[in-house]
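[1] sequence unknown, structure follows:
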Ligand SMILES: NC(=O)c1ccc[n+]([C@@H]2O[C@H](COP(=O)([O-])OP(=O)(O)OC[C@H]3O[C@@H](n4cnc5c(N)ncnc54)[C@H](OP(=O)(O)O)[C@@H]3O)[C@@H](O)[C@H]2O)c1
């Protein structure tokens with residue numbers, strides 16, 4: 001099969017089109033003919049080696065976490081999907097996954113995918129998977145955002161933040177969103193009640209608390225900086241591990257608010273809920289689309305910033 005792979009850690013430009021053996025699904029796995037994928041910040045991080053402690057050194061490594069496509073072959077013990085089913089989901093962010101979705105075929109466990117609703121395109125399903133599930137597990141599971149509650153979402157024009165606005169609305173919450181000037185109208189269009197232009201105003205001063213959840217999708221702030229905006233029992237959730245959040249996870253145990261770190265997990269139930277929301281019109285903004293042979297252009301575009309949603313990757317027609 002054809003795949004876009006890196007031969008080692010280094011500049012993302014060294015990702016090249018190569019031929020690889022078509023993978024065989026093990027038990028409880030399925031092989032998927034990939035139609036669409038999407039660009040997440042993780043591809044740049046993995047390619048340059050900043051997460052090599054997690055991903056090991058199994059080269060050539062095919063990147064691409066989100067996928068939507070058609071089940072091509074099922075392994076032993078698979079009962080939830082059959083050959084020919086349209087499915088979508090995301091691959092684990094770990095060294096166990098070296099054959100990603102920037103390839104004609106990928107292999108996934110059944111917990112990492114779900115049947116794609118027929119009315120939802122492969123491009124939208126793939127673009128939604130990681131960001132929407134990250135937002136869902138942050139807001140609902142870690143933040144316990146109640147219906148009728150309030151959330152502040154930082155980085156609302158990016159993949160996770162933009163889906164976070166839609167997910168929070170689905171959970172019945174009021175959304176105050178933070179983004180840069182170029183995205184203010186875009187984020188308002190996603191359903192945020194209040195949008196703070198971070199280039200013109202300091203969200204720490206102008207955001208009117210109390211919030212049930214401060215969701216730092218962009219991972220640019222901290223619990224210490226935001227805690228004055230949280231109500232009693234309120235939760236600050238960030239998306240990136242680092243020394244500050246590790247320290248604050250312990251420190252906050254003695255206070256009325258909490259700091260938490262999301263690590264997104266493959267759960268078929270959550271993907272099923274996302275599938276339902278997609279049929280109900282959950283907005284999945286696509287900033288632009290690149291053919292998979294030019295996925296490096298998409299990875300660099302995301303790294304340059306100025307996004308309005310996700311970059312979609314056309315795999316089925318893109319080699
Ligand atoms: N832990 C997990 O399980 C998990 C899962 C998924 C993603 N992540 C991580 O979550 C982060 C966000 O992912 P993503 O897909 O949303 O990335 P993205 O699409 O690149 O979006 C990030 C957004 O952050 C905003 N931003 C940049 N600098 C900012 C600042 N100083 N203040 C406020 N906002 C700022 C940008 O919007 P504006 O410039 O328009 O404000 C940008 O759109 C990444 O680091 C990713 O690796 C973690």
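    Ah, there it is. Fair warning: this is a prediction, and the values are worked out from it, not measured in the lab.

[2] centre of the chain to the strand or helix carrying residue 166, how far?
    Element membership for residue 166 (DSSP states H and E) is helix 159-170. Remark: helix 159-170 is offset 11 Å from the chain centroid, using Cα atoms, centre = their mean, to the nearest Å.

[3] which parts of the protein are helices?
    Using DSSP state H, the helices of the chain run over 41-48, 52-55, 122-136, 159-170, 184-189, 203-206, 223-226, 243-251, 268-279, 295-304.

[4] got the angle for the helix holding residue 166 vs helix 268-279?
    Relative orientation of helix 159-170 and helix 268-279, computed by axes from the mean of the first three to the mean of the last three Cα atoms, to 10 degrees: 80 degrees.

[5] residues touching helix 159-170, excluding its own?
    For helix 159-170, contacts defined as Cβ atoms under 8 Å, 6 or more residues apart in numbering pick out 38, 40-41, 127-128, 130-132, 134-136, 138-140, 145, 151, 153-156, 175, 177, 179, 187, 190-192, 215, 217-218, 239, 277, 282-285, 307-310. C-beta here means a position set from N, CA and C on the backbone, and glycine is covered the same way.

[6] show me which of the residues you listed are buried.
    Among the contacts of helix 159-170, those classed as buried by neighbour count (16 or more other Cβ atoms under 10 Å) are 38, 40-41, 127-128, 130-132, 134-136, 138-140, 145, 151, 153-156, 175, 177, 179, 187, 190, 192, 215, 217-218, 239, 277, 282-285, 307-310.

[7] now, those that are in strands?
    Among the buried ones among the contacts of helix 159-170, the members found in strands (DSSP state E) are 38, 151, 153-154, 175, 177, 179, 215, 310.

[8] Throw those into a markdown table and include pLDDT and distance to residue 197, thanks.
    Shown next, in a markdown table, are those (pLDDT from 0 to 100; distance: Cβ to Cβ, whole Å):
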| residue | pLDDT | distance to residue 197 |
| --- | --- | --- |
| 38 | 98 | 26 |
| 151 | 98 | 18 |
| 153 | 98 | 14 |
| 154 | 98 | 13 |
| 175 | 98 | 15 |
| 177 | 98 | 10 |
| 179 | 98 | 7 |
| 215 | 98 | 18 |
| 310 | 97 | 22 |
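
[9] between those residues, which is closest to residue 102?
    Ranked by distance to residue 102 (Cβ to Cβ), those are led by residue 38 at 10.2 Å.

[10] check the gap between the closest one and residue 73 for me.
    In this view, residue 38 and residue 73 are 24 Å apart by Cβ to Cβ, to the nearest Å.

[11] how about the residues of the stretch 101-250 of the chain near the ligand?
    Proximity of the stretch 101-250 of the chain to the ligand, by Cβ under 6 Å from any ligand atom, involves residues 130-131, 134, 154-155, 157-161, 178-180, 183, 198, 217-220, 239-240.

[12] for the ones in strands among the buried ones among the contacts of helix 159-170, name the two members farthest from one another.
    Farthest-apart pair in these is 38 and 151; separation 23.8 Å (Cβ to Cβ).

[13] what residues are up against residue 194?
    Residues near residue 194 by Cβ under 8 Å, 6+ apart: 175-177.

[14] ok, so of these, who is nearest the ligand?
    The nearest member of the contacts of residue 194 to the ligand, counting by Cβ to the nearest ligand atom, is residue 177 at 9.6 Å.

[15] quick check: beta-bridge partners of the closest one?
    On the basis of DSSP bridges, residue 177 is bridged to residue 153, residue 195.

[16] which residue is the nearest non-sequential neighbour of residue 167?
    Using Cβ to Cβ, 6 or more residues apart in numbering and skipping the chain neighbours, the partner closest in space to residue 167 is residue 135 (4.3 Å).

[17] and that neighbour, what pLDDT?
    In the predicted model, residue 135 carries a pLDDT score of 98.

[18] surely it meets residue 215?
    Yes. With contact defined as Cβ atoms under 8 Å, residue 135 reaches residue 215; the gap is 7.2 Å.

[19] dump the residue contacts of the residue in the stretch 101-250 of the chain positioned nearest to the ligand.
    Nearest residue of the stretch 101-250 of the chain to the ligand (Cβ to the nearest ligand atom) works out as residue 158 at 1.8 Å. When contacts are counted by Cβ under 8 Å, 6+ apart, residue 158 touches 217-218, 307, 309.

[20] greatest separation within those: which pair is it?
    218 and 309 (14.1 Å).

[21] I figured residue 297 was touching residue 290, is that so?
    Yes. Look at residue 297 against residue 290 with Cβ under 8 Å: they come within range, at 5.6 Å.

[22] of those two, who's got more company?
    Using other Cβ atoms under 10 Å as the criterion, residue 297 and residue 290 rank with residue 290 on top: 20 against 14.
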